[in-house]
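A.B. asks: Attaching a predicted model along with its sequence, questions to come.
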Amino acid sequence: MNGSLVKGLILPAIVIIAGFAALTPLSDLTAARKPVLPESYADSDLYVKGRDLRGYLLGTDSLAADWYWMSALQYIGDKVVNYKEDLQLDDLRALNPRLLYPLLDSATDLDPHFLAPYTYGAMVLPAIDGDQAVAITKKGIANNPDAWRLYQHLGYIYWRAKHFDEAAAAYEAGSKIEGAAPFMRLMAASMKSEGGSRTIARAIYQEMYASAPDDAVKKVAESRLQELQWFDERDAIDAKLAEAKARTGECPQTLNDIIPALLTVKLPAGDLSVDARGMLVDPTGAPYKLDREQCRVAIDRNISKLPLETK
């Protein structure tokens, strides 16, 4: 082997191997000394947004839109799975999901007529950022003016924010589109006078549950419907407790004491329920508790899956 071959091949190889050998402990040292970043820095920004790809994908824009859409679903799914504390599905701000809107925006930039990202954004973004929810839904309406369900979603966003006039206008506009469900006109007529009522809330969440694009949205709707049922049951049980106390001068010893009286109660979403032991249970199947000091029914927050809000 001549000297030029040694210099041309072997020496460079030795240098490269030695370099990698030196990098290993250096990488370990760098990782050990890497500062802990705040959670807000955990997500990398999108390096390429959908709008930057338009015109360069040789007719595969819809395929790329699907990729951004599926990435959005996986992104939120991973956030929920990795969150270690109790999470209210109608308030996802604790997840800090700052990339959800850019992912949905990119999907709809590449395929403006792809309705699923608009629908998902309208259903989930209100639990994160109301302005972003309005923006993605209005973008969908601008690109798909005949899609009446997008007006339904916009009405929901405004209703959730208690902007009942804007909600009524959105439902009214959607009700005029060919093929729109009668629900739209009903909401437009009822929103201003009954916007904050349980009746309207129940109708909205029942429709959301029936038309949910995925299980996450369906679960939010189901949770809200259970909460509304709890409000109705609470009022009915408290009324019977008050009647019993007025009649005997003291609060009943247990909730079972008023079950015969509750059998006559008719509620909007169905009758009260008891478990196999004959105990009154909430809409999630957890036994109710009796607060004898206040003589009121209470949720067992240790086992109930009801939302923790109270009204």
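C.D. replies: On my side now, so go ahead. Residues are numbered from 1 along each chain as shown.

A.B. asks: ok, which stretches of the chain are helices?
C.D. replies: Using DSSP state H, the helices of the chain run over 3-5, 11-32, 50-53, 61-82, 100-110, 115-124, 130-143, 148-160, 164-175, 182-194, 198-210, 215-248, 259-262.

A.B. asks: what is the mean pLDDT for the first one?
C.D. replies: What helix 3-5 shows for mean pLDDT is 47.

A.B. asks: As a markdown table, the helices of the chain with mean neighbour count and distance to Leu92 would be great.
C.D. replies: Bear in mind the C-beta positions are built from the backbone N, C-alpha and C, glycine included. Formatted as a markdown table, the helices of the chain follow (neighbours: other CB atoms under 10 Å; distance: least, CB to CB, whole Å):
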| stretch | mean neighbour count | distance to Leu92 |
| --- | --- | --- |
| helix 3-5 | 8 | 64 |
| helix 11-32 | 10 | 31 |
| helix 50-53 | 16 | 23 |
| helix 61-82 | 16 | 8 |
| helix 100-110 | 24 | 9 |
| helix 115-124 | 24 | 7 |
| helix 130-143 | 19 | 12 |
| helix 148-160 | 24 | 13 |
| helix 164-175 | 21 | 21 |
| helix 182-194 | 17 | 25 |
| helix 198-210 | 17 | 16 |
| helix 215-248 | 17 | 10 |
| helix 259-262 | 15 | 36 |
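
A.B. asks: what's around Leu125, how many residues?
C.D. replies: 23 (other CB atoms under 10 Å).

A.B. asks: pLDDT below threshold where in this structure?
C.D. replies: For the chain, the stretches with pLDDT under 70 are 1-59, 308-311.

A.B. asks: Mind listing what's buried along stretch 266-276?
C.D. replies: Using 16 or more other CB atoms under 10 Å as the test for burial, stretch 266-276 gives Leu272.

A.B. asks: Quick one: end-to-end length of that stretch, please.
C.D. replies: In stretch 266-276, first residue to last residue: 21 Å (CA to CA, to the nearest Å).

A.B. asks: Pop the domain breakdown of this protein in here.
C.D. replies: Taking automatic domain parsing as the reference, the chain has its domains at 50-221, 222-298.

A.B. asks: So which of those domains is nearest Leu306?
C.D. replies: For Leu306, the closest of these is domain 222-298, at 5.6 Å, according to CB to CB.

A.B. asks: ok, back up a step: distance to Val297 added to the helices of the chain, as JSON lines?
C.D. replies: Below are the helices of the chain laid out as JSON lines (distance: least, CB to CB, whole Å):
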{"stretch": "helix 3-5", "distance to Val297": "90"}
{"stretch": "helix 11-32", "distance to Val297": "54"}
{"stretch": "helix 50-53", "distance to Val297": "51"}
{"stretch": "helix 61-82", "distance to Val297": "31"}
{"stretch": "helix 100-110", "distance to Val297": "38"}
{"stretch": "helix 115-124", "distance to Val297": "32"}
{"stretch": "helix 130-143", "distance to Val297": "33"}
{"stretch": "helix 148-160", "distance to Val297": "27"}
{"stretch": "helix 164-175", "distance to Val297": "30"}
{"stretch": "helix 182-194", "distance to Val297": "26"}
{"stretch": "helix 198-210", "distance to Val297": "17"}
{"stretch": "helix 215-248", "distance to Val297": "4"}
{"stretch": "helix 259-262", "distance to Val297": "11"}
